[in-house]
Structure formats: C-alpha cells, structure tokens
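1. I need the structure of the sequence given here:
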Amino acid sequence: KKLDLVEIESAVLEASSKFFAHVNHEPKKDPRFSGIIDDGRNFLLTHEEPYDVIVSEPSNPWMTGASSLFTKDFFEIAKRRLKPDGVFLQWLQLYELSGDNVESLFTTFHSVFPYVVVFSPSPRSNDTLVLGAMHPITLDKLVIERALADARLGPELHRAEIKVPEDFFGLFLQGSAEVDRLTKNGRINTDDNALIEFGAPKDLLEYSVKDAEIRFLEDIDGRRFDHAPPHFTSFR
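-> Now for the predicted structure:
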C-alpha cells in the first residue's frame, strides 16, 4: 500500500531515474512511493509509523557511517518500528571479513531477532540476505509458486534466476537452529564498542590476498563435519 525509500544521498535518487529506469520500473511514477532524503537510522528514530517490512542495504559494515547500521543499537531501533508480524531484511556481505567478524555480525543480529533465516542472493554471490523476525518464519512452496505465477512479480523472480520454487530454496543457507550454533561464542557489535568499524578494516589487508575461513559456509560446502548438516524444519 505504501513504500518509503530513505536515501542519504540525493544523487542516488537522481541517478535512479536517469540511468536505471529501464530496470527499476520508475518507482517515482507510482503514487504509493515516497523518496525521502535522510539518514535511514535517524528517520526510524524520529518517526513512529510501524512497518510490515524494513529492508536495510547500506554500504560495507566497516565504513564509518554505514557501520552504525550494523550494531545492536540500530537493530533495536528497527525492531521497534516493525509491526508485531513484521520482518526485517539485512543485506550482509561476507567478502573481506574474517570469520570472527562475520560471526560477530550474525551474533549481533540474532541478539535482537530470535528467528533468523539466511539466504544467498545467487549461487555465485559473496553476499547474504538475513531475514529476522520476532515470530517463526515459514517458507511455503505454494506461496513461491503463486509469486512465480504473478504477472508482475514472476518476471522479476525470473530476472533473479528463480524460475521454480526449488531455485529459491536452493539459495537457503541457514535457519534459526544453525544461527544459534554459529552465534554461541560471537561478540556483539554495539555503538559503543564499534567492534566491526575498527576491527574489520584489518581484514581488508589480510583477506585481499587469501580467502577467509567462514565456518558456516564450510559446513554447507561439506568441508567440516563436526556437527550434523543443516535442518530444514522451516520449510513446507
């Protein structure tokens, strides 16, 4: 019914209309769309309206400014702006981050959202899409089938290389049970300790010449066998 897009840089909205209209369906022309020039965190702090869905896609978590959108403090702010059955989606890149810092980011997210599902946006991606909620998240094959059959949504899913429900489920990486194990010993990133803002830049140097050991990805890839494989109890 309504979409608020909060962007800190006005040139991004200008470029969206000028250069990407052929792929973004020109949202400015839709009366449900509001383009707001503001800091996303401040916007959520200063507005009371609850949302069904909040999507956060800032830049890399080690960058000053963007790093404040990966702390427990921010996730708590976002949770307060969600409706009781709402969901929060966080884009989280894994490249050039140490395994410990990746686990810290998941631990921080999971400390606020008890139910978490993690996806990869594509089989070739180093990014993750982390979905959090205060209620169990069920992924229903029939819902995916209806989305694929929708005249407007179906083509967008095809563009994302999702042509059958199995393509979607194949991008699943972790559910709440796996995230519980991953975050058991992780550190929580806060505004005050700034673990990621000051720790992750060191990773840029180390992992520019070698691959990081990301433990949960090694589990999925079959390179580690110290516990049972992921469970898929969230699916039907």
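2. elements contacting the strand or helix carrying Phe198?
-> Phe198 is part of helix 195-206, with elements assigned from DSSP states H and E. With contacts defined as 3 or more Cβ pairs under 8 Å, 6 or more residues apart in numbering; DSSP states H and E, the packing partners of helix 195-206 are helix 99-110. Backbone N, C-alpha and C define where each C-beta goes, glycine included.
3. Whatever helix or strand comes next after the helix it packs on: partners in the sheet, and parallel or antiparallel?
-> Note on helix 99-110: by DSSP H and E, the next helix or strand toward the C-terminus is strand 115-119. Each strand paired with strand 115-119, and its direction, by DSSP bridges: strand 127-133 (antiparallel), strand 172-174 (antiparallel).
4. which residues make contact with the longest one from outside it?
-> Meaning strand 127-133. The contact list for strand 127-133 (Cβ atoms under 8 Å, 6 or more residues apart in numbering) reads 75, 85-94, 106, 109-110, 112-113, 115-121, 137, 173.
5. wait, isn't Ser122 in contact with Ala160?
-> Yes. The pair Ser122 / Ala160 is scored as a contact, 7.4 Å apart, by Cβ atoms under 8 Å.
6. Scan the chain for its longest strand.
-> Taking DSSP state E as the criterion, the chain has its longest strand at strand 82-93.
7. Secondary structure element for Asn193, which one?
-> Judged by DSSP H and E, Asn193 forms part of no helix or strand.
8. Tell me, what's the model's pLDDT at it?
-> Model confidence at Asn193, given as pLDDT, is 94.
9. Val116 too?
-> Looking at Val116, its pLDDT reads 96.
10. Thank you kindly, that will do.
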